[in-house]
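1. Sequence first, then the predicted structure, then my questions.
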Amino acid sequence: PAALIAGRWYVDQRGAQRADRAGRADRAEALQGGAVVSMRPLLPLCLVMAFAYIGDSTVSNWSAKYLEDVLQGSEQLATVPYNVYMVTTLLGRSFGDLGVRRFGAVAVVRAGALLAGGGFAVVAAAPGAWAGMGGFTLLGLGLCVLVPQTFAAAGRLFPGASDAAVARLNIFNYVGFLVGSPLVGALGGVWSYRAAMLVPMALVLVTIRYARSFGPVPAGYGDGHERPRTVDVG
């Protein structure tokens, strides 16, 4: 707050006035062109973003403790799951676009959600540390495709206002981070950490329901009277 208040004295007043006029003109042009971001069609993508980052936050904050305290791994081994998760995330995002080009975003998102859900299930049921690391590996391969495909889907959904759509979507990145770690910690404290892993698993699997939101946006006239499964011959 102090930076926001004091920042006005660090800006050239003439430049600020010009930027303000240009910003108002851009907003007016966007509104006239119909480039308005509605939260209703964006909401499924926002939920997917939040669920993905709840899973990511669970791994980053609780994987070491889970491996050491629940799966009885050594202190040195407890640092490995998050590193494995990050490596598989990098590899998955490097090759994820190839899968999207071949199979489509909907199929890739569904497969990623299933892999991530399976990873959480393996972690929750793991008899030992090495099985738990296998579950975290699956989590990295599954969650890695959800976030970039969510941003891409938001851009396709609002081609005239993709920057505003992505900005709104990015808020749910922080929602997932803020919710994920305390949620799992609280459930682990009052229940058990094995059972707590089933909650992000269920949330990630909900993504399968919203996978259709990642498909290409059908062309249309936008007048609200179009019928589904009809062909535009004009």
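-> It's in.
2. Contacts only, for the spatially most central residue of the chain.
-> Closest to where the C-alpha atoms of the chain average out (CA atoms, centre = their mean) is Met49, at 2.7 Å. Residues in contact with Met49 (CB atoms under 8 Å, 6 or more residues apart in numbering) are 146-147, 150, 169-170, 172-173, 176. Where C-beta positions appear, they are placed from N, C-alpha and C, glycine not excepted.
3. neighbours around the closest residue to Met86 other than its chain neighbours, how many?
-> Nearest residue to Met86 in three dimensions, chain neighbours excluded: Gly140, at 7.1 Å (CB to CB, 6 or more residues apart in numbering). When neighbours are counted by other CB atoms under 10 Å, Gly140 registers 25.
4. Just the buried ones among the contacts of Met49, please.
-> 146-147, 150, 169, 172-173, 176 (16 or more other CB atoms under 10 Å).
5. Does Leu114 touch Gly142 like I think?
-> Yes - Leu114 lies in contact with Gly142 (CB atoms under 8 Å); the separation is 7.1 Å.
6. between those two, who's got more neighbours?
-> Per other CB under 10 Å, whichever of Leu114 and Gly142 has more neighbours is Gly142, with 26 against 16.
7. Where does that one fall, secondary structure wise?
-> Counting by DSSP states H and E, the element that carries Gly142 is helix 129-143.
8. swap in Leu45?
-> Take DSSP H and E as the rule and Leu45 turns out to sit in helix 39-65.
9. Can you name the element that comes right after that helix?
-> Sequence-wise, the next helix or strand downstream of helix 39-65 (DSSP H and E) is helix 80-103.
10. Which residues outside the helix or strand following that next one are in contact with it?
-> Sequence-wise, the next helix or strand downstream of helix 80-103 (DSSP H and E) is helix 105-125. Helix 105-125 is contacted by residues 48, 55, 66, 96, 99-100, 131-132, 134-146, 149, 152-153, 194-195, 197-198, 200-202, 204-205, 207-208, 211-212, 214-215 when judged by CB under 8 Å, 6+ apart.
11. just the buried members of those residues?
-> 48, 55, 66, 96, 99-100, 132, 135-146, 149, 152-153, 197-198, 200-201, 204-205, 207, 211, 214.
12. quick check, distance from the longest helix along the chain to the centre of its chain.
-> In the chain, with assignment by DSSP state H, the single longest helix is helix 162-190. The chain centre lies 9 Å from the centre of helix 162-190; the measure is CA atoms, centre = their mean, to the nearest Å.
13. For the remainder of this discussion, apply numbering that starts at 766.
-> OK, 766 is where the count begins now, so the last one is helix 927-955.
14. buried stuff in it?
-> Quick answer for helix 927-955 (16+ other CB under 10 Å): 927, 929-931, 933-934, 937-938, 940-942, 944-946, 948-950, 952-953.
15. what's around Asn848, how many residues?
-> By other CB under 10 Å, the residues close to Asn848 number 12.
16. how close does it get to Ala829?
-> 10 Å (CB to CB, to the nearest Å).
17. List the buried residues of the helix holding Leu810.
-> Result for helix 804-830 [16+ other CB under 10 Å]: buried residues 807, 809-829.
18. in the chain, which helix or strand is least confident?
-> The helix or strand of the chain with the lowest confidence, counting by mean pLDDT, DSSP states H and E, is helix 778-797 at a mean of 51.
19. Show me the shaky parts of this protein.
-> Residues of the chain meeting the criterion pLDDT under 70: 772-801, 982-999.
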